[in-house]
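> Predicted coordinates and the sequence they were generated for:
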Amino acid sequence: MQSVVVCALYKFVRLENYRQLRDPLLEVMLNHSVRGTLLLATEGINGTIAGDRNGVDAVLQWLRSTPVLADLECKESITTVEPFKRSRVKIKKEIVTLGVEGLDPAHTAGTYVAPKDWNALISDPDVLLIDTRNDYECDVGSFEGAVNPDTASFRDFPAYVADSLHGSISKTQKVAMFCTGGIRCEKSTAYLRSLGYEEVYHLQGGILKYLEEVPESESMWQGECFVFDERVTVNHQLEKGSYDQCHACRRPITEDDKGSEYYVQGVSCARCYHSTSSEDKLRFSQREKQMQLSRKRGEKHMGEGARQQLLEKRALRPASEQND
């Protein structure tokens with residue numbers, strides 16, 4: 001089976017012309033059969049794409065032709081599973097949503113710590129280690145001794161800081177934070193520094209870079225790492241992990257979880273069964289049936305005519321909406 005290159009990238013940088021980048025960037029992705037989602041905002045770019053080697057390289061080359069993105073870095077892994085079904089470029093207010101205005105991670109993020117130096121830092125008993133990811137991400141794997149803020153989304157992180165850090169630790173406390181690829185930590189460390197915390201560190205390149213560079217025999221990582229694509233999780237070798245996903249709530253689930261009376265493929269699991277309505281479950285059930293029919297026909301959500309459909313839709317949009 002053909003290898004698929006999965007490329008995660010982000011950069012905090014002032015992108016004044018981000019709206020003008022959207023359509024040509026999407027066209028490059030479609031022309032080279034590269035799928036995934038890229039987010040553009042004034043504060044930069046973020047996302048994950050996948051395709052063959054030539055396709056991914058073509059997209060990266062196009063992005064790096066923009067002067068402020070010339071040094072754009074990425075983290076890659078190889079899989080035989082196509083992790084995305086669509087090609088999308090979205091315009092956003094933030095490339096990672098914290099909901100705090102006025103932050104400038106490009107200039108005020110915490111101190112980077114290379115993966116090779118991370119173990120020494122987090123082994124220091126004076127360091128408070130915080131996992132900035134969502135609760136369901138922490139559940140499948142984390143660093144030994146890390147605090148789980150028990151947040152449902154990154155937007156909840158400021159509330160965690162207000163409730164659990166303010167008044168509990170001094171502004172001189174050493175704080176180390178980590179996330180999947182590094183982007184949430186750049187913003188969360190910038191946020192802590194804006195509040196006056198002096199010694200704030202974060203894992204450069206995130207968990208994925210750590211798993212890539214630190215030998216498993218020396219690793220302090222425990223479990224698997226949740227990723228936002230159809231692989232669900234990856235192991236220490238950055239190969240597809242052992243978890244599946246509930247396609248109703250998007251949470252990772254194990255084979256044991258599938259044995260629950262509340263688990264129905266594509267409709268519900270034990271974690272979301274009581275939080276969705278009967279109308280939701282009916283809608284999820286209908287969606288699952290359509291997806292199964294598509295799989296039997298060998299179809300994908302974005303077929304061979306995707307590029308032409310996109311151009312036709314664009315032509316039908318009023319000129320005033322072209323850059324919305």
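Okay, I see it. Numbering: from 1, shown residues only.
> How much space separates Thr97 from Arg19?
With the distance defined as Cβ to Cβ, to the nearest Å, Thr97 ends up 18 Å from Arg19. C-betas here are computed from N, CA, C, even on glycine.
> Buried by neighbour count: which residues of stretch 32-44 qualify?
Using 16 or more other Cβ atoms under 10 Å as the test for burial, stretch 32-44 gives His32, Ser33, Val34, Arg35, Gly36, Thr37, Leu38, Leu39, Leu40, Ala41, Glu43, Gly44.
> Report the secondary structure state of the residue lying closest to the fourth one once chain neighbours are set aside.
Nearest in space to Arg35, with sequence neighbours left out and distances taken as Cβ to Cβ, 6 or more residues apart in numbering, is Phe84 at 3.9 Å. Reduced to three states with DSSP: H, G, I helix; E, B strand; the rest coil, the structure at Phe84 is coil.
> Can you tell me the SS state at Asn46?
strand.
> what does Gln286 give?
Following three-state DSSP, Gln286 is assigned to helix.
> how close does it sit to Leu38?
As for Gln286, its distance to Leu38 is 30 Å (criterion: Cβ to Cβ).
> How about Leu165?
Distance of Leu165 to Leu38, computed by Cβ to Cβ: 33 Å.
> Likewise for Ser268?
31 Å.
> just so I have it, where are all the helices in the stretch 51-200 of the chain?
Under the criterion DSSP state H, counting those that start in this stretch, helices of the stretch 51-200 of the chain are mapped to 53-64, 105-108, 115-122, 135-140, 157-160, 183-194.
> buried set for the first one?
This points to helix 53-64. For helix 53-64, burial by neighbour count (16+ other Cβ under 10 Å) applies to Gly55, Val56, Ala58, Val59, Leu60, Trp62, Leu63.
> can you redo those as JSON lines with pLDDT and distance to Tyr210?
Output for the buried residues of helix 53-64, formatted as JSON lines (pLDDT from 0 to 100; distance: Cβ to Cβ, whole Å):
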{"residue": "Gly55", "pLDDT": "98", "distance to Tyr210": "27"}
{"residue": "Val56", "pLDDT": "98", "distance to Tyr210": "22"}
{"residue": "Ala58", "pLDDT": "98", "distance to Tyr210": "29"}
{"residue": "Val59", "pLDDT": "98", "distance to Tyr210": "25"}
{"residue": "Leu60", "pLDDT": "98", "distance to Tyr210": "22"}
{"residue": "Trp62", "pLDDT": "98", "distance to Tyr210": "29"}
{"residue": "Leu63", "pLDDT": "98", "distance to Tyr210": "24"}
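> Go through those residues and name the one nearest Pro252.
Comparing the buried residues of helix 53-64 against Pro252 with Cβ to Cβ places Val56 closest, at 25.6 Å.
> who are the neighbours in contact with the closest residue to the closest one other than its chain neighbours?
Using Cβ to Cβ, 6+ apart and skipping the chain neighbours, the partner closest in space to Val56 is Val5 (4.7 Å). Contact partners of Val5, counting by Cβ atoms under 8 Å, 6 or more residues apart in numbering, are Ala50, Gly51, Asp52, Arg53, Val56, Glu76, Ser77, Ile78.
> One more: His32?
Gly51, Asn54, Gly55, Val56, Ala58, Val59.
> ok, now how distant is the residue nearest to Val56 from Met291?
25 Å.
> ok, now Val234?
Distance, Val234 to Met291, using Cβ to Cβ: 23 Å.
> Next, the contact list for the residue lying closest to Val28 once chain neighbours are set aside, please.
Among residues not flanking Val28 along the chain, Trp62 sits closest, at 4.8 Å (Cβ to Cβ, 6+ apart). By Cβ under 8 Å, 6+ apart, Trp62 lies in contact with Pro24, Leu25, Val28.
> Sweet, I'm off.
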